[in-house]
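# Sequence and predicted model, in that order:
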Amino acid sequence: MAETVRVLVAKAGLDGHDRGAKVIARALRDAGFEVIYTGLHQTPDDIVTAAVQESVDIVAVSILSGAHMTLIPKILKGIQNAGAEIPLLVGGIIPPEEAGELVKMGVKSVHGPGTSMKEIVESVRETVSGNR
């Protein structure tokens, strides 16, 4: 039997909109993943700590506040400093050129508004299978 994939779904920073993150969490759960949702207003350190403590296979961060170029590098650095190899996916309203920069920094994929749940589920599966 295949090992269950553990996904941490996180809301970074002061972003107060969590409907999308909850929809993603539900879609991932329905697809058979074990999902841990951090809730609103998490700092990069909170997200990294939760990811390491929960021994997740992947972190999916939802960010709509526009602070992605500040918060996402801190999460990536925190994962690295923790000695963990946990891939990071990002979703939110992110301009294409900044999405490309995030990928260059180490984010595995960036998903904007309108991305289908199927595409997100497949992205998680592919990223985790390539990381195991």
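Perfect, thanks for sending it. Numbers count the residues shown, from 1 in each chain.
# middle-most residue in this protein, spatially?
By C-alpha atoms, centre = their mean, the chain has its centre lying nearest to Ala60, at 1.3 Å.
# what about the strands in this protein?
In the chain, strands defined by DSSP state E lie at 6-11, 34-37, 58-63, 88-92, 109-111, listed in chain order.
# now these in CSV, with distance to Ala99 and mean pLDDT?
The C-beta positions use only the backbone N, C-alpha and C, and glycine is treated the same way. What follows is the strands of the chain, written out as CSV (distance: least, C-beta to C-beta, whole Å; pLDDT from 0 to 100):
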stretch, distance to Ala99, mean pLDDT
strand 6-11, 18, 97
strand 34-37, 23, 98
strand 58-63, 12, 96
strand 88-92, 8, 96
strand 109-111, 4, 97
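# Adding distance to Glu119 as columns, could you present the ones you listed in a markdown table?
Below are the strands of the chain laid out as a markdown table (distance: least, C-beta to C-beta, whole Å):
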| stretch | distance to Glu119 |
| --- | --- |
| strand 6-11 | 15 |
| strand 34-37 | 17 |
| strand 58-63 | 13 |
| strand 88-92 | 11 |
| strand 109-111 | 7 |
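# And for His68, the neighbour number?
Neighbour count of His68, defined by other C-beta atoms under 10 Å: 27.
# how close does it get to Ser129?
Distance, His68 to Ser129, using C-beta to C-beta, to the nearest Å: 26 Å.
# same check, this time on Glu119
Following C-beta to C-beta, the distance that separates Glu119 from Ser129 is 16 Å.
# who touches Lys11 in this structure?
Contacts were defined as C-beta atoms under 8 Å, 6 or more residues apart in numbering; by that measure Lys11 touches Asp18, Ala21, Thr38, Gly39, Leu40, His41, Gln42, Val61, Ser62, Ile63.
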